[in-house]
Every structure is written in structure tokens, then in C-alpha cells.
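Asker: let me see the structure of the following:
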Amino acid sequence: MDRRTLAQLLSPEGWALLAQLPPYDESQALRLAEGLRARGLDPDLVAGALTQSRLRTRARTKFGEFAAEMLFTESGLEQATRLSVAARHARRYSAAGVRHVADLGCGLGADAMAMAALGLQVLAVELDEETATLATVNLRAFEQAQVRLADATTLDLAAEGVDGVFADPARRTRSGARVFDPRSYSPDLDTLLALREQVPNLGLKVGPGVPYTALPSETHAQWVSVDGSVVEAGLWFGDLAHEGSGRSALVLQGDQAHTITGPGDADARPVQAAAADLGTFLYEPDGAVIRAGLVAQLAEQLDGALVDESIAYITTAGARETPFATGYRVLDSFDFGLKRLRAYLRTREVGRLTIKKRGTAVVPDQLRQQLALNGPEEATIVLTRLRGKQSVIVVEPLRA
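Answerer: As a prediction, this is how the structure comes out:
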């Protein structure tokens with residue numbers, strides 16, 4: 001948004017308008033905008049307020065009830081740390097005895113909010129003027145949090161008296177495309193790793209796709225998923241790496257948190273699990289477990305094996321309870337073929353089909369059209385390789 005619109009939103013009139021708006025409803029937005037303009041409100045203020053109302057509605061998935069008192073930008077919201085994950089970051093700093101954190105590239109202030117809520121002193125640094133302004137608004141309730149408009153790479157950390165650093169480098173281009181190479185982060189990964197010379201207690205938020213070869217050996221790298229979706233990876237150094245060197249997966253499901261860890265060097269190649277014939281049950285590891293290279297450790301926990309040496313599906317003879325994978329009972333399996341699969345589903349009157357896939361080029365939506373499904377029943381199939389052969393596994397989800 002432009003400076004004028006932002007200034008209007010931050011005025012008493014703009015803040016009052018935001019508080020008075022009903023829950024955002026896309027179908028009613030145009031009529032509501034026309035009504036507000038008819039009352040004499042500035043069109044730019046109306047547009048800005050409705051945009052914030054829409055973003056606040058979207059932000060509830062990340063910030064819950066706190067979203068109703070915050071301001072956002074499209075890109076800032078997309079890149080902001082979920083509050084449940086930010087709380088985990090904050091606890092890590094508190095448990096390490098850190099008392100003053102420099103949050104470099106603070107964005108809209110999600111991590112700074114969580115840290116300040118635990119009583120930590122926070123210096124939130126942001127280079128973008130608009131984002132820094134919104135972070136100041138979002139952190140207004142925390143006296144121990146200060147937002148500074150500055151280039152994080154020029155900060156004298158020793159002079160600031162911080163004993164912990166958290167950095168969230170920009171991982172998108174100006175056009176919004178994701179950046180996967182850590183050397184192209186802004187600031188780049190090497191520049192951020194050099195901060196350890198000033199402050200050993202360093203935490204870095206990186207993209208989940210970061211290659212192991214880009215990681216320092218002596219770090220703890222943790223991939224995080226929330227309700228089944230991988231949201232970030234974090235690198236932890238000094239006292240923040242309480243688990244020691246290695247990689248782990250943190251799986252957050254509602255209020256529950258579960259961690260699986262693989263000790264050793266963070267840049268080591270993943271352990272390879274053995275493969276075996278398809279058993280009675282099939283388990284699909286959580287994305288964070290796969291990203292962290294811990295499928296072999298999970299297979300050992302489940303007393304299972306891979307269905308194929310290159311495929312992250314685990315098969316077992318018995319049912320297992322685990323927060324790190326979704327379980328299925330195997331009902332049938334056969335070599336993949338369109339005609340055979342179509343006949344199989346038609347015989348069973350399957351009209352609704354869930355298609356899961358791994359290790360195959362099949363596009364589920366295209367396959368669903370080719371199958372011409374019709375009938376009252378529903379089914380779930382897994383398209384993958386079994387001992388090197390393209391196969392269909394018919395399954396039913398295990399219920400907790």
C-alpha cells in the first residue's frame with residue numbers, strides 16, 4: 001500500500017473503521033465498499049481497510065485471534081512465521097538463557113511478538129520501511145520490543161548488547177518467485193553464518209528445500225510441519241542447539257508437538273532404509289520427516305521397511321501408532337495399467353477417488369478424468385513403485 005493509505009489506516013478514523021468492519025465476506029465486499037464511499041469516506045481508505053479485513057481473515061490460520069489487531073501485507077503474511085512455530089522459537093531462546101535477541105529481517109513481527117511475550121528484550125530490525133511500520137504497529141503492546149528501520153548486515157551486535165540472534169532472510173525475488181539457493185537469500189546464508197563470530201547463539205530460518213550440502217556440519221537443523229504441511233526449516237547454533245548436531249523433524253498437530261531426531265553431522269547423507277515386499281499396512285511419513293532425511297529412523301521405529309529403496313512409503317506387518325506418519329490398511333495391490341484400474345474401480349462402483357502418489361509421473365486430475373468414475377462408493381489408491389514396478393495399492397485410512 002502507498003504511504004498515504006497507510007497513514008490513513010493508522011489515523012483514529014482509519015483504526016475505528018477497521019474495528020467496525022464486519023467479518024470479511026468476498027461476496028459482500030463490493031456492496032460494503034460502495035456503502036462506505038457513499039458515507040463520504042475516502043475511497044483509498046475504504047480500499048485499504050477492506051484489504052486489511054481480507055488479510056486479517058486469512059491471517060487467522062497463522063495468528064488466531066491476534067490477527068484481528070494486526071496489520072499485514074500480502075507478501076508479509078505469506079512469509080510470516082505461524083504463531084505456534086514462533087512460540088517454539090521463543091522457548092528455545094528462553095531455555096538457552098538468552099535475554100536480549102536481535103530479530104534480523106523481522107518482517108511483520110511474528111517472532112518478535114512471541115519472544116517479547118516470554119519477557120525477552122527484542123531488537124526487531126527491518127530494511128523495508130512499510131514492513132517496519134506495520135511491525136511497529138503489531139508490536140505496540142510489548143514495551144520490551146523495539147523496531148528499527150535498518151540494514152541488518154550493518155548492525156554492530158556487540159554494541160547493541162544482544163546475546164542471541166534470530167534471522168529470517170528474504171527467500172523470494174521481487175516478482176514473488178521462491179529462492180531455493182541459500183547463496184541467493186537476502187542476506188545470503190554465508191553472511192548470516194558469519195554472525196556466529198559476534199553472537200554464538202544464532203538461529204536462522206531457512207527454506208524447507210535447503211540442501212544438506214549447504215548446511216554447516218556442526219549445527220542442529222530442524223524441519224517443522226504444522227497439521228501435515230511443512231512450513232520451515234531452522235538452523236540452530238550455540239546454546240540454542242540443545243539437541244546437539246544433527247537433523248530433526250518437529251511435527252505440530254493441534255496442541256501436540258512431537259520430535260524425531262537423527263544425531264550426527266547436519267550435512268551427512270541420510271541413512272538408507274531397507275526395502276521389502278508390501279505388507280498389511282502402509283505408512284506415509286510426514287513431510288518434515290522426509291525433508292529431514294529421517295525416513296530410515298522412522299521405519300526402524302515402526303519395525304517396517306520401504307516399499308522401494310527410492311520411495312518414502314513404509315510398509316509393516318502390523319498396525320503402529322505414530323505421529324510421524326499417516327497409516328493405511330492395504331486392501332489390494334496390482335501392476336499399474338489404466339484399463340485394469342478402470343475396470344477394478346467400475347466393478348466396485350467407485351465414484352469418489354482419493355489419489356496419492358510418489359515416484360510416478362501420473363497427474364491425479366488427468367487420471368481421474370480418464371477413469372470416468374461413476375458410482376456411490378469411495379476409495380483411496382496409492383500410485384507408486386513396488387520393488388521397481390509401477391503399481392497401484394488400494395488402501396483405507398487407519399482411524400485414530
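
Asker: so how many other residues sit close to the closest residue to L341 other than its chain neighbours?
Answerer: With sequence-adjacent residues excluded and distances taken as CB to CB, 6 or more residues apart in numbering, L341 is closest to V392, at 5.8 Å. For every residue, glycine as well, the C-beta is placed using N, CA and C. Per other CB atoms under 10 Å, the neighbour tally for V392 reads 21.

Asker: how about V392, secondary structure?
Answerer: When classified by DSSP: H, G, I helix; E, B strand; the rest coil, V392 comes out as strand.

Asker: distance of it from D303?
Answerer: 25 Å (CB to CB, to the nearest Å).

Asker: same check on A158?
Answerer: Per CB to CB, A158 is found 52 Å from D303.

Asker: now swap in I393 and tell me
Answerer: Relative to D303, and taking CB to CB, I393 is found at 19 Å.

Asker: show me which of the two is the more surrounded one.
Answerer: Ranked by neighbour count (other CB under 10 Å), I393 and D303 place I393 first, with 23 against 11.

Asker: who does the more buried one form a beta bridge with?
Answerer: Taking DSSP bridges, one finds S333, V382 as the beta-bridge partners of I393.

Asker: so it touches T384, yeah?
Answerer: Yes: with contact taken as CB atoms under 8 Å, I393 and T384 are classed as touching, separated by 6.8 Å.

Asker: joint contacts of these two?
Answerer: Both I393 and T384 are contacted by V307, under the criterion CB atoms under 8 Å, 6 or more residues apart in numbering.

Asker: phi, psi of the residue lying closest to S229 once chain neighbours are set aside?
Answerer: In space, and not counting its chain neighbours, S229 is closest to G287: 7.1 Å by CB to CB, 6+ apart. The phi/psi pair for G287 (degrees, to the nearest 10) reads phi -60, psi -30.

Asker: Q121 too?
Answerer: As for Q121, its main-chain torsions (degrees, to the nearest 10) stand at phi -80, psi 130.

Asker: any idea of the pLDDT on it?
Answerer: In the predicted model, Q121 carries a pLDDT score of 98.

Asker: does D168 really touch V85, like I thought?
Answerer: No: between D168 and V85 there is no contact, the gap being 11.4 Å when judged by CB under 8 Å.

Asker: neighbours of V395, how many?
Answerer: 21.

Asker: give me the contact list for the helix or strand containing it.
Answerer: Secondary structure from DSSP states H and E places V395 in strand 389-397. Taking CB under 8 Å, 6+ apart as the criterion, the residues outside strand 389-397 that touch it are 278, 282, 307, 326-336, 341, 344, 360, 379-386.

Asker: just the C-alphas of that strand, formatted as PDB.
Answerer: Taking only C-alpha atoms (Å, rounded to 0.1, in the frame of the first residue of the first chain), the coordinates of strand 389-397 have been written out as PDB:
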ATOM      1  CA  LYS A 389       7.400 -51.700 -10.700                       C
ATOM      2  CA  GLN A 390       4.800 -49.000 -11.200                       C
ATOM      3  CA  SER A 391       1.900 -50.200  -9.100                       C
ATOM      4  CA  VAL A 392      -1.500 -49.400  -7.600                       C
ATOM      5  CA  ILE A 393      -2.100 -50.000  -3.900                       C
ATOM      6  CA  VAL A 394      -5.700 -49.900  -2.700                       C
ATOM      7  CA  VAL A 395      -5.800 -48.700   0.900                       C
ATOM      8  CA  GLU A 396      -8.200 -47.500   3.600                       C
ATOM      9  CA  PRO A 397      -7.000 -44.900   6.200                       C
END
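
Asker: and the next helix or strand past the longest helix along the chain?
Answerer: Looking only at the chain and at elements set by DSSP state H, the helix with the highest residue count is helix 43-63. Moving toward the C-terminus from helix 43-63, the first helix or strand encountered (DSSP H and E) is helix 74-79.

Asker: so which elements touch that next one?
Answerer: Using 3 or more CB pairs under 8 Å, 6 or more residues apart in numbering; DSSP states H and E as the contact test, the elements touching helix 74-79 are helix 43-63.

Asker: I'd like the mean pLDDT over the helix it packs on, please.
Answerer: The pLDDT scores in helix 43-63 average 95.

Asker: and the helices in the chain?
Answerer: According to DSSP H, the helices that the chain contains are 3-10, 12-20, 26-38, 43-63, 74-79, 83-95, 110-117, 129-138, 157-160, 189-193, 287-291, 295-301, 338-347, 364-371.

Asker: what comes up buried for the fourth one?
Answerer: Residues 45-46, 48-56, 59, 62-63 are the ones in helix 43-63 that count as buried (16 or more other CB atoms under 10 Å).

Asker: now do the shortest one
Answerer: When neighbours are counted by 16+ other CB under 10 Å, the buried residues of helix 157-160 are found to be L157.

Asker: who touches it?
Answerer: Counting contacts by CB under 8 Å, 6+ apart, the residues outside helix 157-160 that touch it are H100, A102, L123, V165, L195, Q198, V199.

Asker: out of the residues you listed, which are buried?
Answerer: H100, A102, L123, V165, L195, V199.

Asker: I'd assumed A167 was in contact with the last one.
Answerer: Meaning V199. No: in this structure, V199 is not within contact of A167 by CB under 8 Å, at 10.5 Å.

Asker: before we move on, back to that, so which of the helices of the chain comes closest to Q144?
Answerer: Closest approach to Q144 among these (CB to CB): helix 110-117, 5.3 Å.

Asker: tell me where this protein is predicted with low confidence.
Answerer: Under the criterion pLDDT under 70, the flagged ranges of the chain are 175, 400.

Asker: repeat that with 80
Answerer: Applying pLDDT under 80 to the chain flags residues 1, 172-177, 179, 400.

Asker: point to the residue nearest the middle of it.
Answerer: Central residue check for the chain by CA atoms, centre = their mean: the C-alpha nearest the mean position is that of V231, 1.0 Å away.

Asker: put the alpha carbons of stretch 68-81 into CSV.
Answerer: What follows is the C-alpha trace of stretch 68-81 in CSV, where atoms were taken according to Å, rounded to 0.1, in the frame of the first residue of the first chain:
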residue,chain,number,x,y,z
ALA,A,68,-7.8,-9.0,14.5
GLU,A,69,-5.4,-6.4,16.0
MET,A,70,-2.6,-6.7,13.4
LEU,A,71,-1.8,-5.1,10.0
PHE,A,72,-0.5,-7.1,7.1
THR,A,73,0.8,-7.0,3.5
GLU,A,74,0.2,-9.9,1.1
SER,A,75,3.8,-10.9,0.9
GLY,A,76,4.5,-10.3,4.6
LEU,A,77,1.6,-12.5,5.6
GLU,A,78,2.6,-15.3,3.3
GLN,A,79,6.2,-15.3,4.7
ALA,A,80,5.3,-14.7,8.3
THR,A,81,6.1,-17.4,10.9
